[in-house]
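Chemist: dropping the sequence and predicted coords here.
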Amino acid sequence: MKIHEYQAKELLRAFGVPTPTGKVVTTADEAVKAFESFGKGIAVVKAQVHAGGRGKGGGVKVVKSAEECRTEAKRILSNPLITPQTGPEGVKVRSLLVEQATSIGHEYYVAVVLDRAVQLPVLMASTEGGVEIEEVAAHNPDAIKKTHIFDARGLQPFQARKIAYALGLTGKQVDQAVKTLTGLVKLYLDKDCSLAEINPWVQTTDGDMIALDGKVNFDDNALFRLKDIQGYRDVTEEDPSELKAQETGISFVKLDGNIGCLVNGAGLAMSTMDIIKFHGGDPANFLDVGGGANVDQVTTAFEIILADKNVKAVLVNIFGGIMKCDTIATAILEAFKRVKFNVPLVVRLEGTNVELGRKMLADSGLPIITAGDLTDAAEKAVKAAG
Amino acid sequence: MSILINKDSRVLCQGITGKAGAFHSSQCLAYGTKMVAGVTPNKGGTLFENKVPIFDTVSQAVHQTGADVSMIFVPPPFAADAILEAADAGIRLIIAITEGIPVADMVHVARELRNRPNCRLVGPNCPGVITPDECKIGIMPGYIHKKGPIGVISRSGTLTYEAVWQLTSLGLGQSTCVGLGGDPIVGTSFIDALELFQNDPETEAILMMGEIGGDAEERAAEFVKNNVTKPVASFIAGQTAPPGRRMGHAGAIISGSSGKASDKIAALRNAGIVVADTPADMGKAVVEAIKRRK
């Protein structure tokens, strides 16, 4: 789960990480009020959306007067924000973070993520902040300092000092850095984060260390025990059909093509998309109904797929393990009653109870195109979509 | 021969009284797996299907039945505890089917298992392990398999079934099929499984299916280059997935340059592995890999 920058900063402060003074607002009037409450000076108006690349899309602006603050706040709130991560239609901005400007001496990067190879969380820091860490990793890997969180209780003081000195910090900055790094790791561990990142982590011209931007993501599998974090969820940032899928226990990602896919298992679902593309088609979605999907879930999956007006054909590819082929056959027949199928349906079944499943579809007399193997299924779906 | 499990494996199921645990224990029994015990706290003393004794703890089950392999169907919030219970009871092979275990719980499990070199975990979030005609532990449909010389390794369940079905249809049987699991932290890696198959005299060729995200396939390619003399074929799922989106498996997130299908395929080919262009050609890729080596 993703949260907004202002929420991430709330959490960071709760774990002892200093951030700039700021206020969350939803109107231009409130933005001006916030600006004025900081006294005379400079502020930054930041769009609060989950998508990254906000600066490149004009969603982050430095303002030097109340008037400028009003103009920029109004502009950001009234137009869709288009960033490299949002797609051409952009996203609606519902709130802004207005922050007192910070005079930047140097920008650093720091984050805690899982190192899958070592099977431990790792703290990564770099002297090159304000840019994507992947870029730094590509052109200057030596700039990235790492230390693994080997102790379940958290970052050891010596590890924090080692990183601070490796970044070239001195004096009071070392003490401040140790506090921030320890807090960031504690946040990652205590709140089941999948990412806890400060970028840029700034050394001000006064020599203080402060988190200028923060990103915190959570492990969806752990949300059941993160009662306080659940409240941070902003469903307006999520795609409505992806939300509906999630509530039903289906894994769904909307794409731009015209062949709807209903598959069991993530690996097979990705492979089904791959083979559709290989045969010249374009998948409209990734959809994994899961291993033990029931009739209701499969029906909902069809509803979600058919709600997409771009869909010109639907391909069902089921290899039954937990999911029995007669279950999917029952669901297909049920879905035909519940939702209006106005596009061709290609079905490929294999696995547990396959004969029964195929017979049920054949006996139904419904206009279903059956396919033998993966290639046959992909070719028929591409042809059906025109 | 085979790897990990065979006709002598004595299997217990943790979570045998749950819906999935009960259904699949029945299926495993029907396949011929020696299911010797079930474990569900407070259900000790009862019988599963009137024949398999149920115990309150794994330790009791091991002492009384000599079980050496555990299949776990315990719900996600309690699954990590179940894995540790099995390890503590001296189980040598733990196969965790459960999907949705918090990553932090698995970090904890991995930390503990490092101190137990004689205990291997497969999974979690995996379809299980099968040695055809001998022992099926997990949720895969048994009938698609056929005994033979191909070792199969995969991170995904249904994609493995697809591959196995293609192999069987081509007349290529399997020595053992191992589902590693789709989670960020799993007990057994591609490299672990490759090493086991390389050392198994009855495995003549290996098929490994990877997917986007992480760098496990790249590391496996490096291992194959240096340590595997048997023919290896592969397929990478998610070649057309858009960057930055999570495709079901937590593992399958691609961001930036790392974890991309094209990088993985290049690494695999560079190691002399035959990579199938489409998921329909996985079986044929194995045939090609064997032909090239002759």
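Modeler: Arrived safely, thanks for sending.
Chemist: now the strands for the stretch 1-150 of chain B?
Modeler: The residue ranges that make up the strands of the stretch 1-150 of chain B, judged by DSSP state E, counting those that start in this stretch, are B:11-14, B:35-39, B:47-48, B:52-55, B:69-72, B:93-96, B:120-122, B:128-131, B:135-138, B:147-154.
Chemist: quick one: closest of these to chain A.
Modeler: Using Cβ to the nearest Cβ as the criterion, the shortest distance between chain A and these is 7.0 Å, found for strand B:147-154. All C-beta atoms are positioned from the backbone trio N, CA, C, and that covers glycine.
Chemist: which strands or helices does the following helix or strand past the closest one pack on?
Modeler: Using DSSP states H and E, the next helix or strand after strand B:147-154 towards the C-terminus is helix B:157-169. Packing contacts for helix B:157-169, counted by 3 or more Cβ pairs under 8 Å, 6 or more residues apart in numbering or on different chains; DSSP states H and E, involve helix A:266-278, strand A:313-320, strand A:345-351, strand B:147-154, strand B:174-179, strand B:205-211, strand B:232-237, helix B:282-293.
Chemist: quick one, which of the ones you listed gets closest to residue A:165.
Modeler: Ranking the helices and strands packed on helix B:157-169 by their distance to residue A:165 (criterion: Cβ to Cβ) puts strand B:205-211 first, at 39.3 Å.
Chemist: okay, residue A:249: pLDDT?
Modeler: In the prediction, the pLDDT value recorded for residue A:249 is 84.
Chemist: for the nearest residue to residue B:48 once chain neighbours are set aside, what are its contacts?
Modeler: In space, not counting the residues next to it along the chain, residue B:48 is nearest to residue B:38; the distance is 4.8 Å by Cβ to Cβ, 6 or more residues apart in numbering or on different chains. Under the criterion of Cβ atoms under 8 Å, 6 or more residues apart in numbering or on different chains, the neighbours of residue B:38 are B:12-14, B:16-17, B:21, B:25, B:48, B:52-55, B:61.
Chemist: what's the most distant pair in those?
Modeler: In the contacts of residue B:38, the most distant members under the criterion Cβ to Cβ are B:21 and B:53, with 15.0 Å between them.
Chemist: quick one, which of the two is more surrounded?
Modeler: It is residue B:21, of residue B:21 and residue B:53, that has more neighbours when counted by other Cβ atoms under 10 Å in any protein chain shown, with 24 against 18.
Chemist: the closest residue to the more buried one other than its chain neighbours and residue B:99: what is the separation?
Modeler: Nearest-residue entry for residue B:21: residue B:73, 3.4 Å, with adjacent residues in sequence omitted and distances by Cβ to Cβ, 6+ apart. When distance is defined by Cβ to Cβ, to the nearest Å, residue B:73 is 10 Å away from residue B:99.
Chemist: helices of chain A, start to end?
Modeler: Assigned by DSSP state H, chain A shows helices spanning A:5-14, A:28-37, A:66-78, A:133-139, A:157-166, A:172-190, A:227-230, A:240-248, A:266-278, A:295-307, A:325-338, A:354-364, A:374-384.
Chemist: which of the ones you listed comes out lowest on mean pLDDT?
Modeler: Taking each of the helices of chain A in turn, the lowest mean pLDDT turns up on helix A:133-139, with a mean of 77.
Chemist: burial check on the closest residue to chain B within the stretch 101-250 of chain A, number of neighbours?
Modeler: Using Cβ to the nearest Cβ, the single residue of the stretch 101-250 of chain A nearest to chain B is residue A:134, 3.3 Å away. Counted with other Cβ under 10 Å, residues neighbouring residue A:134 total 11.
Chemist: assign a three-state SS to residue B:265, would you?
Modeler: Three-state call for residue B:265 (DSSP: H, G, I helix; E, B strand; the rest coil): helix.
Chemist: where does the prediction get shaky in the stretch 1-150 of chain A?
Modeler: Along the stretch 1-150 of chain A, segments meeting pLDDT under 70 are nowhere present.
Chemist: what residues does the stretch 251-386 of chain A put near chain B?
Modeler: If contact is defined as Cβ under 8 Å from any Cβ of the partner chain, the residues of the stretch 251-386 of chain A in contact with chain B are A:251, A:253, A:255, A:263-278, A:283, A:286, A:288, A:291-292, A:319-322, A:350-352, A:373-375, A:378.
Chemist: swap the cut-off to 6 Å and go again
Modeler: Applying the criterion Cβ under 6 Å from any Cβ of the partner chain, the portion of the stretch 251-386 of chain A that neighbours chain B consists of A:251, A:253, A:264-268, A:270-271, A:273-275, A:277-278, A:286, A:288, A:319, A:321-322, A:351-352, A:374-375.
Chemist: how close does residue A:334 get to chain B?
Modeler: 21 Å (Cβ to the nearest Cβ, to the nearest Å).
Chemist: who's in contact with that residue?
Modeler: Taking Cβ atoms under 6 Å, 6 or more residues apart in numbering or on different chains as the definition of contact, the neighbours of residue A:334 are A:295, A:299.
Chemist: go again using 8 Å as the cut-off
Modeler: Here residue A:334 is in contact with A:295, A:298, A:299 (criterion: Cβ under 8 Å, 6+ apart).
Chemist: residue A:327 is in contact with the first one, correct?
Modeler: Just to be clear, that refers to residue A:295. Yes. The criterion here is Cβ atoms under 8 Å, and residue A:295 meets it with residue A:327 at 6.9 Å.
Chemist: which one's more surrounded, these two?
Modeler: For residue A:295 against residue A:327, the residue with the higher neighbour count under other Cβ under 10 Å is residue A:327, and the figures read 22 against 15.
Chemist: for chain B, what's the nearest residue on chain A?
Modeler: Of all residues in chain A, the one sitting closest to chain B is residue A:267 (2.2 Å; Cβ to the nearest Cβ).
Chemist: neighbours around that residue, how many?
Modeler: Count around residue A:267 with other Cβ under 10 Å applied: 34.
Chemist: if I look at the residue lying closest to residue B:83 once chain neighbours are set aside, how far off is residue A:221?
Modeler: Spatially, and ignoring its direct neighbours in sequence, residue B:83 is nearest to residue B:109 (5.2 Å; Cβ to Cβ, 6+ apart). Note on residue B:109: its distance to residue A:221, by Cβ to Cβ, is 14 Å.
Chemist: with residue B:224 instead?
Modeler: Look at residue B:224 and residue A:221: by Cβ to Cβ, they are 31 Å apart.
Chemist: neighbour count winner among these two?
Modeler: For residue B:224 against residue A:221, the residue with the higher neighbour count under other Cβ under 10 Å is residue B:224, and the figures read 25 against 22.
Chemist: how about the residues of the stretch 1-150 of chain B by chain A?
Modeler: Proximity of the stretch 1-150 of chain B to chain A, by Cβ under 8 Å from any Cβ, involves residues B:20, B:23-24, B:76-77, B:99-104, B:106-108, B:110-111, B:127, B:139-141, B:144.
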